[in-house]
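Student: Sequence and predicted structure below; questions after.
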Amino acid sequence: MGRRIWIMAFVLACVSGLDAMAQVYVPQMPMDVPILVVKYFPVKGDRIDQSVTGDWGATLAETRQKTESQTKEVIAALQEGSRYHGYKDQDAKPSLLYKIVGTLEFLEPLPTVARTGDRVPMTDYNNIMERIGIREWVEKKGVKEVWLWGYHGGVLDLWESNMSGPFGDISNSNRDPKDLPLLDKTYTVYHYNYQRGASEAVEDHMHQIEAVLNFVDGRDRTPPDQWDKLLFWGRFVGSDRTHKIVRPGCGWAHYPPNAEQDYDWANQRYVETDIEDWKPDGSGQKQRMNCDRWGGDSLKWFVYWMQNIPGADNGLVYQDRRLSNWWIFIGDFDNAMRQGVGLTEAAGRHRQLP
């Protein structure tokens, strides 16, 4: 009798252990995204020195005001965009909550580094990160993103997004593992241009989202002629190796579902798309749509597109697996990688840890 009880207890413990292994990592919502804002204002008197920036010579006061207001606009757009189907569900809560934990300002030019064969130098991100003491901000104060306000103007090169961390550089850059300090935690640097608007700043984030989701989905390891079969790029976006829309799904930053070329946000052409009822198996209800749905406006398109990314409590299933909250890869990247989270809840658990 005692042996039988021991065996039953052992079996129950094993089952309990399997259940624990099968549990899905679900972070507390909303996920905090602490931001460090860094501004470089090369000045000449009370104005920005246009001989340095190439295309911006407003007053320092005007430039400060613009970067402050646009930072708030970007935060509002990103948080609103993380509300799954927020355009039709007023009760939808954001998955991401952006918080500024520090702001640093330098009245000097961006540091640059020459690169062989390039017409203009590259922004020296290592120099900037050393100057601001990035290790303290990331490892002790929890910063996940650095928003760098600077300039472009044809006088230097920049990366719209650039990542560093224990799981590598997954970003909209050339993914040089040495152009940012490597720390124990992942952080992403977004380089904004104060000559442009909030839409262009948010577009930096759009491309970072695409880069991360493509990475998690395995596009980097998939032959280009198979991209149309991938869950994110093929089924959600509706694209293939051409980057054009071959099946009017949800589109991507440059290509709404009805787009015919890059940056085609104001195209009046109608298509049948399932963007508002997207399901991985293609069974979602389609509706006739053109740019009127987002007012032909790039920033409104970005927010609308983000709100269709499978978010919290999305209820979607693919091949008998529930879809995870894809915002985890933006809000809690390191834990998502360590826990082996994939686009579906059962995927990606084979990933090696550092």
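Tutor: Received, thanks. Just so we're clear, the structure is a prediction, and the values are computed from it rather than from any experiment. Residues are numbered from 1 along each chain as shown.

Student: which outside residues touch stretch 73-87?
Tutor: Stretch 73-87 is contacted by residues 30, 35, 89, 92-98, 100, 147, 198, 201-202, 205, 276, 299, 302-314, 327, 330-331 when judged by Cβ atoms under 8 Å, 6 or more residues apart in numbering. The way it works is simple: take the backbone N, C-alpha and C, and place the C-beta from them, glycine included.

Student: Off-centre distance for that stretch?
Tutor: Taking Cα atoms, centre = their mean, to the nearest Å, one finds stretch 73-87 lying 13 Å from the centre of the chain it belongs to.

Student: Ok, stretch 269-279 next?
Tutor: 23 Å.

Student: One more: stretch 33-52?
Tutor: The chain centroid and the centroid of stretch 33-52 are separated by 24 Å, computed with Cα atoms, centre = their mean.

Student: buried ones in that stretch?
Tutor: Neighbour counts over stretch 33-52 (16 or more other Cβ atoms under 10 Å) mark 33-42, 47-49, 52 as buried.

Student: go on, stretch 77-85?
Tutor: Those would be 77-84, for stretch 77-85 by 16+ other Cβ under 10 Å.

Student: same question, stretch 124-141
Tutor: Neighbour-count burial for stretch 124-141 [16+ other Cβ under 10 Å]: 124-126, 128-129, 132, 134, 137-138.

Student: again, but for stretch 229-245
Tutor: 230-240, 245.

Student: show me the contacts for the closest residue in space to residue 182 that isn't next to it in sequence.
Tutor: Closest residue in space to residue 182, ignoring its immediate chain neighbours: residue 164 at 5.6 Å, by Cβ to Cβ, 6 or more residues apart in numbering. Counting by Cβ under 8 Å, 6+ apart, residue 164 touches 177, 180-183, 186-187.

Student: State the pLDDT value of the residue lying closest to residue 55 once chain neighbours are set aside.
Tutor: Closest residue to residue 55 apart from its sequence neighbours, by Cβ to Cβ, 6+ apart: residue 153 at 3.8 Å. Reported pLDDT at residue 153 in the predicted model: 93.

Student: Surely residue 153 forms part of a strand?
Tutor: No. With DSSP: H, G, I helix; E, B strand; the rest coil as the criterion, residue 153 is assigned coil and is not in a strand.

Student: Understood, closing this out.
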